[in-house]
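Colleague: Here's a sequence, model it:
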Amino acid sequence: MNTTLAANLWSGLARSRLYQVLVVLGGTLLLTVSAKVQVPFWPVPMTMQTFVVLMIGASLGARLAGATVLAYLVEGAAGLPVFAGGAGPAYLTGPTGGYLFGFLAAAVLVGWLADKGFGRSLLTTLAAFAAGEAVIFALGAGWLATLVGLDKALSAGLLPFLPGEAIKVVLACAVLPIAWRAARR
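Modeller: Next comes the predicted model:
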């Protein structure tokens, strides 16, 4: 059996360069749409991006998930309107920059865990997604702290997001094992 959900679903295509390019482009499209689904917060909005980042990592594995999120960051740095509230290189150094780079690190980490077999049961999915969330918020709040101070970064860039993130992780934990069961049929 293939190690990732995507490779398992499309095993004959998984090594094709065309497949890989289409998966990366599709993933950047999903990330773009998820950035536009948002609840206004300050200094960073709450979006569905973390859910999509976790699912990309768990579904694609480290290499393809990393390529997908890196392509997304490059698109945004080039000025394409893919981020929640702006674009361009300066956006990557603003309040959301740490979270955006955290997406890349989390996608690779969750993807690496998926490559090792995580994500096929509720427990391993929860562990992988919790690790991904920890990376996103460590880098995101860490960078934000350099801009607004640690107290404000934690009170505005971490704590208000925890309930929403818990709901997204529960949703992702429900979806991924179901997708694996469907893929095995």
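Colleague: Dump the C-alpha coordinates for stretch 95-107 into CSV.
Modeller: The C-alpha trace of stretch 95-107 is given here as CSV (Å, rounded to 0.1, in the frame of the first residue of the first chain):
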residue,chain,number,x,y,z
PRO,A,95,2.0,40.1,11.4
THR,A,96,0.9,37.0,9.5
GLY,A,97,4.4,36.1,8.2
GLY,A,98,5.3,33.7,10.9
TYR,A,99,2.0,31.9,10.5
LEU,A,100,2.5,31.6,6.7
PHE,A,101,6.0,30.1,7.2
GLY,A,102,4.5,28.0,10.0
PHE,A,103,2.2,26.5,7.4
LEU,A,104,5.2,25.3,5.3
ALA,A,105,6.9,23.8,8.4
ALA,A,106,3.6,22.2,9.5
ALA,A,107,2.8,20.8,6.1
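Colleague: Check which residues of stretch 26-40 are buried.
Modeller: Neighbour counts using 16 or more other CB atoms under 10 Å place Gly27, Thr28, Leu30, Leu31, Thr32, Ser34, Ala35 of stretch 26-40 among the buried residues. Where C-beta positions appear, they are placed from N, C-alpha and C, glycine not excepted.
Colleague: swap that for stretch 157-174, please
Modeller: For stretch 157-174, a neighbour-count test (16+ other CB under 10 Å) marks Gly157, Leu158, Phe161, Gly164, Glu165, Lys168, Val169, Ala172, Cys173 as buried.
Colleague: returning to that earlier point: could the buried residues of stretch 26-40 go into TSV alongside pLDDT?
Modeller: Listed next are those as TSV, based on pLDDT from 0 to 100:
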residue	pLDDT
Gly27	96
Thr28	97
Leu30	96
Leu31	97
Thr32	97
Ser34	95
Ala35	94
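Colleague: For those residues, work out which two are farthest apart.
Modeller: Using CB to CB, these span at most 12.6 Å, a distance reached by Gly27 and Ala35.
Colleague: ok, the residue most central in space within the chain - contacts?
Modeller: The centroid of the chain falls nearest to Val53 when counting by CA atoms, centre = their mean (1.5 Å). Residues near Val53 by CB atoms under 8 Å, 6 or more residues apart in numbering: Leu31, Val69, Phe103, Ala106, Ala107, Val110, Gly132, Ile136.
Colleague: that older thread, restricted to helices, list the buried residues of stretch 157-174.
Modeller: Of the buried residues of stretch 157-174, the ones assigned to helices by DSSP state H are Gly157, Gly164, Glu165, Lys168, Val169, Ala172, Cys173.
Colleague: And the last one, what's its pLDDT?
Modeller: Reading off the per-residue confidence, Cys173 sits at a pLDDT of 89.
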